[in-house]
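Asks: sequence below, structure please.
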Amino acid sequence: MKTKFSYQLCLILFLIAGISQSALSQSVTPAGTGPKSHATPQEIQKLKEAVEANPDSLSAHKAYIKAMGVAFDKNNPELVVQYKKWMEKYPNNINFPFAIGEALWDSELPQATPYLQKVVQMDPKNATAWYYLSIDADRWGQQDLSKEYMHKASLADPANAGYAFYYLNSMEDEDPATYSQKVFDFTKRFPDNERGAQALYWLAERSVNNDDKIKYFEALRSLYPPAKFGWSADGMSSLWAAYIEIDPAKAQSLANEVGTDDKYWKAMKAFNENIIQERKLVEDQKYSDAVALLAQTKRPRYPNVDDFFYTEEASVLDKAGNTKGAYDSLATKFATMPTDKLLATTESYGEKLGKSKADVEKDVQTIRNSNAKPAAPFNLGLYTSNGKLSLDDLKGKVVLLTFWFPGCGPCRGEFPHFQAVMNEYKDQQVAFIGINVAPEQDPYVVPFMQNTKYTFIPLHGIDGTTKDYGVRGEPTNFLIDQNGKIVFTDFRIEGDNHRTLELMINSLLHQPSAN
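Replies: I've put the predicted structure just below:
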């Protein structure tokens, strides 16, 4: 598939490192492959001689490359020159194109492509090179080619569960029942491998229906015991979040059985206990006590249970006779991170207060206006011409602004979801802007746009703009209104929350009159 397979490849580097789902949700910043080398010319010469003495030693290549210097933001041009000379001298030795191709690929540099292609020409069964090419192709926006390369990697090394996992995910756009069966077939193929747990985890995590989510997470718990498999252990927090929506007692039982003593599970357990206690107080009609308890209840930072908590709190406030408090709480939350569930609940309490839907819109807009901040001006170069685009040029339009770079997996993973929403606003005053923070990856940008057909306008980033917007990692997203004010920030758009971005944009396109 073209969209979700891209998302899979976007996360490969994180998944290989074994980083948990909570970490995957964090933004990333471009970085080099290691600390800057301080090798002396004499040391570099010795390492060069070591490569020439034993050209089949990849460790010798790596030591020389590290000493010469290759990184995301700074490279020694003499390194590539030397490898080109070696490739001419040793045309049949695959280690030279592989070593330099791997180093450039690891630094997310577009110069890696021809060297990796040379490797697979020399050895069509080099699974690692096919794998590198697959990820590299995704950086160029060649998503179908990326899928093809991953397939070749899996065929070249059929015992490698990682390659098989990534290729499996390329089929996620198939009929849900068919894809689900393929995931369970995969678990049978790799019953003792972390990749099996990973495949089942993602099937569950990406399920929109809560019943399906629970079914798959329960299967994950059964087939891959959380005490043994990291992906299963991570999945239990999502299962807990699904349980608490329908049965807090069941969520508490899960937390007691599989929860650890880390800060996340401690927060979840404390939250769970308070919800159960609050419901007992409500059952006993001790509404004021229930309100007081929820007022001091802290929501876990992860997983996100905000919609559940705010609707739960509003219900208790309403029962306690404070319908206005229920309404105000929901309106404030909806103003910053809108969902249909929050909107419906906010409007229901607004109706009890005699408010029309238009009144609710005005109240929410007042909250948003009070929190809006002027967006920092910018005037940045276009990739499509020698011209520039400024924030002033976009006055009168709603602006979706993202800070990204082509090697950023989460950035590439988010673009299909942005595009799906942007397609709904083709004829409306909405601009989609992407500021690339990594000039070293400029060669990727135009091909990426051409190959993916994404419609955002790519701009050359500069450090000043990144600092002005307080960007610490990528992707970082902002939604700016027609008057140049930041109304929404600190949001990510995935397959299950397109509606949130739609509600954000709609609120800015159709702001109610202040009169």
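Asks: what does the longest helix seen in the chain contact?
Replies: The single longest helix within the chain, with elements called by DSSP state H, is helix 263-283. For helix 263-283, contacts defined as C-beta atoms under 8 Å, 6 or more residues apart in numbering pick out 22, 237, 240, 244, 248-249, 251-252, 255-256, 259, 287, 289-290, 293-294, 297-303, 305, 312, 316, 319. Yep, even glycine has a C-beta here, placed from its N, CA and C like the rest.
Asks: what about residue 459, neighbour count?
Replies: Residue 459 has 24 neighbours, counted by other C-beta atoms under 10 Å.
Asks: can you classify it as helix, strand or coil?
Replies: strand (DSSP: H, G, I helix; E, B strand; the rest coil).
Asks: is it correct that it is in contact with residue 384?
Replies: No: Residue 459 is not in contact with residue 384 according to C-beta atoms under 8 Å; the separation is 9.9 Å.
Asks: one step back: hmm, which of the contacts of helix 263-283 are the buried ones?
Replies: 237, 240, 244, 248, 251-252, 255, 259, 287, 289-290, 293-294, 297, 300, 302-303, 305, 312, 316, 319 (16 or more other C-beta atoms under 10 Å).
Asks: just to revisit the earlier point, and the longest helix of the chain, what's buried?
Replies: For helix 263-283, by 16+ other C-beta under 10 Å, it's 264-265, 268-269, 271-272, 274-275, 277-278, 281-282.
Asks: which elements pack onto whatever helix or strand comes next after it?
Replies: Downstream of helix 263-283, the first helix or strand assigned by DSSP states H and E is helix 287-295. The helices and strands touching helix 287-295, judged by 3 or more C-beta pairs under 8 Å, 6 or more residues apart in numbering; DSSP states H and E, are helix 263-283, helix 306-319.
Asks: which residues touch helix 287-295?
Replies: Taking C-beta under 8 Å, 6+ apart as the rule, helix 287-295 contacts 274, 277-279, 281-282, 309, 312-313, 316-317, 319-322.
Asks: 6 Å instead, please
Replies: 274, 278, 281-282, 313, 316-317, 319-320 (C-beta atoms under 6 Å, 6 or more residues apart in numbering).
Asks: and if you look at stretch 468-487?
Replies: Against stretch 468-487 from outside (C-beta under 6 Å, 6+ apart): 27-29, 368, 372-376, 391, 396, 399-405, 408, 410-411, 414, 488-489, 491, 504, 508.
Asks: name the element the residue nearest the centre of the chain belongs to?
Replies: Nearest residue to the geometric centre of the chain (C-alpha atoms, centre = their mean): residue 410, 3.6 Å. For residue 410, the host element (DSSP H and E) is helix 409-422.
Asks: so what does the next helix-or-strand element following that helix touch, helix or strand wise?
Replies: Later in the chain than helix 409-422, the nearest helix or strand by DSSP H and E is strand 430-436. Contacts defined by 3 or more C-beta pairs under 6 Å, 6 or more residues apart in numbering; DSSP states H and E place strand 430-436 against strand 398-404, strand 457-460.
Asks: let's go with 10 Å and repeat that
Replies: When contacts are defined as 3 or more C-beta pairs under 10 Å, 6 or more residues apart in numbering; DSSP states H and E, strand 430-436 packs onto strand 379-381, strand 398-404, helix 409-422, helix 442-452, strand 457-460, strand 476-480, helix 498-509.
Asks: break the chain down into its structural domains.
Replies: According to automatic domain parsing, the chain comprises the domains 260-371, 379-509.
Asks: ok, residue 47 to residue 70 distance?
Replies: 14 Å (C-beta to C-beta, to the nearest Å).
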